[in-house]
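> Below are the sequence and a predicted model for it; my questions follow.
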Amino acid sequence: MDARLQESRDLPLAVDLDGTLIATDLLWETIFLALKTNPLIVFLLPIWALAGKARLKLELARRVTLDASRLPYRQDFLDYLRAERASGRTIVLATAAAEPLAQAVAAHLGIFSKVFATRDGINLASKAKASALVDEYGEYGFDYAGNDRADLAIFDRARNAVVVAPDRAASRFQQAHDTMRFDAPRTHFKTYLKMLRVHQWLKNLLVFAPPVLAHDFLIAETMFSATLAFIAFSASASAIYIINDIIDLPLDRVHPRKRHRPFASGALSIPFGLMCSAALLAIAAAICFFLPPMFAAIIAVYIVTTTAYSLAIKRMLLLDVICLAGLYTLRLLGGKLAADIPMSFWLMAFALFFFLSLAFLKRYVELQHSGAPEQSRIAGRGYRPEDIGIVGQSGVSSGFTAVLVLALYINSDVVGNLYSEPWLIWPLVPIVLYINMRVWVLAHRREMNEDPVVFIASDWRSQIFIAIGAALLIVAGMV
């Protein structure tokens, strides 16, 4: 193998882009980039597609700006290409991606002598790409690096093949012809958990709060309904997180932590993510058939609101935090409807202010770590660094308001009807005050991560106080 490659070093090496040089597909990326810029483009996509794949690619490329420096390059293969280039070999880019995108990649890397790409109504894929390379260099007058079934037609007309992160068809070709191979990093089970954001499911435990507070937690049917609600919210949340991650690829790739997410890093493909998202939404819809009809309405509102948040609301000043607080409150409302428990004004009011405080906290931490200059918005948000003071004040005030609502609730006639000894649950007031103020103090010290709800759920000190509060509610209900 190595001898053959050495003999052909005087031949140009043509390199595929999507899936080979980069661990993503630019067609899918440009679709979501365009939709993020103008959601109405969704109505033009079928028209462009009917006119041909080349038309679709070029129309999308004209409407987006690609930052080639942030794409997930396959580093080991790129290092190989740079070494070949340094040895004097001609390297060309041969891709089915739209020419403007291919030129952006070529300009960034600076290792390609020529670019073959989709243009002038010709989708340069598979046989069309093979013909273009043969016309330029002759039959078997070039080597070719590719990754999937579409590249087999080009492998057959190349002198030698370099197989990169192959699918099944390309892998069989590589094994049969003993060609050079670069494997993609192995996808671990943890990668799929990251895609689903399983840790975010902790937020959906809120659906169990209504039956617990109503003292119905020992009723099997009620808790089974709450469990179904938990699964429905978790499936819906994961489905929307996947879409959100795909939409936010450019922003995630410039973030020091988020750039390691499965889609931003190229560990998982966009089509795979879309299929998973559709399956998760189907699971949530199926569960709704086993719960009261109004629960289905809550799930629908949750999905629509979360999608709207991902597409636009999260970039709107103040509306974003109100929306986040509302989404947490929806979980409580969903738990009530699933378990068929009467509405509680006090619980909904407390939840709104408490989670509004945590939503402000999330933005406060983002402002701390944004690195944006004064008078400039932080990436993907409607806030500027100079807003950090008022954001902090608003968050702390919301937290105190939540504690006030809780105190008034404990002193209300509602509690008198539920508990024979209401004084037993008075410690809930300092407990909630401690939990809320502690996370704000930690945030002020820059010791808080970006998701305060998950932090509270996983922090052992908060867990102790939550357990004490739960025990007080149980004891007060039994007295």
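Yes, it's here. Numbering: from 1, shown residues only.
> What count of nearby residues applies to residue 236?
Neighbour count for residue 236, taken as other CB atoms under 10 Å: 23. C-beta coordinates here come from the backbone N, C-alpha and C atoms, glycine included.
> what secondary structure does it sit in?
Under the three-state scheme (DSSP: H, G, I helix; E, B strand; the rest coil), residue 236 adopts helix.
> Tell me who's in contact with it.
280-281, 284, 299, 302-303, 306 (CB atoms under 8 Å, 6 or more residues apart in numbering).
> ok, for it, nearest residue in space, not its chain neighbours?
Among residues not flanking residue 236 along the chain, residue 284 sits closest, at 4.5 Å (CB to CB, 6 or more residues apart in numbering).
> which strands and helices sit next to the helix or strand that contains that neighbour?
Taking DSSP states H and E as the definition, residue 284 sits inside helix 270-288. Counting contacts by 3 or more CB pairs under 8 Å, 6 or more residues apart in numbering; DSSP states H and E, helix 270-288 packs against helix 26-37, helix 189-196, helix 220-247, helix 262-265, helix 293-311.
> ok, residues contacting the fourth one?
It refers to helix 262-265. With CB under 8 Å, 6+ apart, helix 262-265 has contacts from 23, 72, 191-192, 194-195, 242, 245-246, 249, 252-253, 258-259, 268, 270, 273.
> Now the one helix or strand residue 59 maps to: buried residues?
Taking DSSP H and E as the criterion, the element that holds residue 59 is helix 53-63. For helix 53-63, the neighbour count (16 or more other CB atoms under 10 Å) marks 54-61 as buried.
> what do you get for stretch 106-120?
Those would be 106, 109, 111-112, 115-119, for stretch 106-120 by 16+ other CB under 10 Å.
> What ranges does this structure have for its strands?
Using DSSP state E, the strands of the chain run over 13-15, 91-98, 114-118, 143-146, 161-164, 180-182.
> which residues make contact with the fourth one from outside it?
The reference is to strand 143-146. By CB under 8 Å, 6+ apart, strand 143-146 touches 5, 8, 11-16, 20-21, 77, 94, 133, 151, 154-155, 158-164, 170.
> give me that answer again for 7 Å
8, 11, 13-16, 20, 154-155, 158-162, 164, 170 (CB atoms under 7 Å, 6 or more residues apart in numbering).
> So which of the strands of the chain has the densest surroundings on average?
Across the strands of the chain, averaging neighbours per residue (mean count of other CB atoms under 10 Å) puts strand 143-146 on top, at a mean of 28.
> Using CSV, list the CA coordinates for that one.
C-alpha atoms of strand 143-146 as CSV (Å, rounded to 0.1, in the frame of the first residue of the first chain):
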residue,chain,number,x,y,z
ASP,A,143,-5.6,9.9,-6.3
TYR,A,144,-8.9,10.5,-4.5
ALA,A,145,-9.9,10.7,-0.8
GLY,A,146,-13.5,10.1,0.1
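> Tell me the strands beside that strand, with direction?
strand 13-15 (parallel), strand 161-164 (parallel) (DSSP bridges).
> Can you pull out the low-pLDDT segments for this protein?
Across the chain, the ranges flagged by pLDDT under 70 are 1-9, 450, 479.
> give the contact list for residue 16.
So residue 16 contacts 94-95, 145-147, 151 (CB under 7 Å, 6+ apart).
> can you rerun that using 8 Å?
Each residue near residue 16 by CB under 8 Å, 6+ apart is listed here: 94-95, 144-147, 151, 164.
> quick one: the most far-flung residue of the chain relative to its centre from residue 383, how far?
Taking CA atoms, centre = their mean, the residue of the chain most remote from its mean C-alpha position is residue 420, at 47.3 Å. Noted for residue 420: a distance of 48 Å to residue 383, by CB to CB, to the nearest Å.
> repeat for residue 84
47 Å.
> The two: which has the busier surroundings?
It is residue 383, of residue 84 and residue 383, that has more neighbours when counted by other CB under 10 Å, with 22 against 19.
> is it true that that one touches residue 367?
Yes - using CB atoms under 8 Å, residue 383 makes contact with residue 367 at a distance of 6.0 Å.
> Find the residues that touch each one of those two.
residue 391.
> how close does residue 130 get to residue 90?
For residue 130, the distance to residue 90 - CB to CB - is 18 Å.
> Kindly report the same for residue 339.
Counting by CB to CB, the separation of residue 339 from residue 90 is 69 Å.
> Which one of the two is surrounded by more residues?
residue 339 (28 against 17).
> Name the nearest residue to the residue nearest in space to the middle of the chain, ignoring sequence neighbours.
In the chain, the C-alpha nearest the mean C-alpha coordinate belongs to residue 245, at 2.3 Å (CA atoms, centre = their mean). Once flanking residues are discounted, residue 245 sits nearest to residue 263: 4.9 Å by CB to CB, 6+ apart.
> on that earlier part again, wait, what's in contact with the residue nearest to the centre of the chain?
195, 252, 261-264, 273.
> what separates the residue farthest from the centre of the chain from residue 341, distance-wise?
21 Å.
> cool, residue 430 as well?
27 Å.
> Just want to know which of these two has more residues nearby.
Taking other CB under 10 Å, residue 430 and residue 341 do not tie; residue 341 has more neighbours (18 against 11).
> The more buried one is in contact with residue 214, isn't it?
Yes - in this structure, residue 341 is within contact of residue 214 by CB under 8 Å, at 5.0 Å.
> Setting aside sequence neighbours, what's the nearest residue to residue 394?
residue 360 (5.2 Å).
> between the buried residues of helix 53-63, which is nearest residue 29?
residue 60 (9.2 Å; CB to CB).
> mind listing what the closest residue to the closest one other than its chain neighbours touches?
Once flanking residues are discounted, residue 60 sits nearest to residue 30: 4.0 Å by CB to CB, 6+ apart. By CB under 8 Å, 6+ apart, residue 30 lies in contact with 57, 60-61, 63-64, 66, 98, 101.
> on that earlier part again, between the contacts of residue 236, identify the one with the most neighbours.
Greatest neighbour count in these, by other CB under 10 Å, goes to residue 299: 25 neighbours.
> Can you give me the separation between that one and residue 281?
Taking CB to CB as the measure, residue 299 falls 10 Å from residue 281.
> And for residue 107?
From residue 107 to residue 281 the distance is 40 Å (CB to CB).
> cool, residue 400 as well?
Taking CB to CB, one finds residue 400 at 38 Å from residue 281.
> closest to residue 222 among the buried residues of helix 53-63?
Nearest member of those to residue 222, counting by CB to CB, is residue 60, at 49.9 Å.
> residues contacting that closest one?
Counted by CB under 8 Å, 6+ apart, residue 60 has contacts 27, 30-31, 33-34, 48, 98.
> burial count for residue 368?
If we define neighbours as other CB under 10 Å, then residue 368 has 16 of them.
> all helices for the stretch 351-479 of the chain, in order.
Ranges of helices in the stretch 351-479 of the chain, per DSSP state H, counting those that start in this stretch, are 388-410, 413-418, 428-444, 452-458, 460-478.
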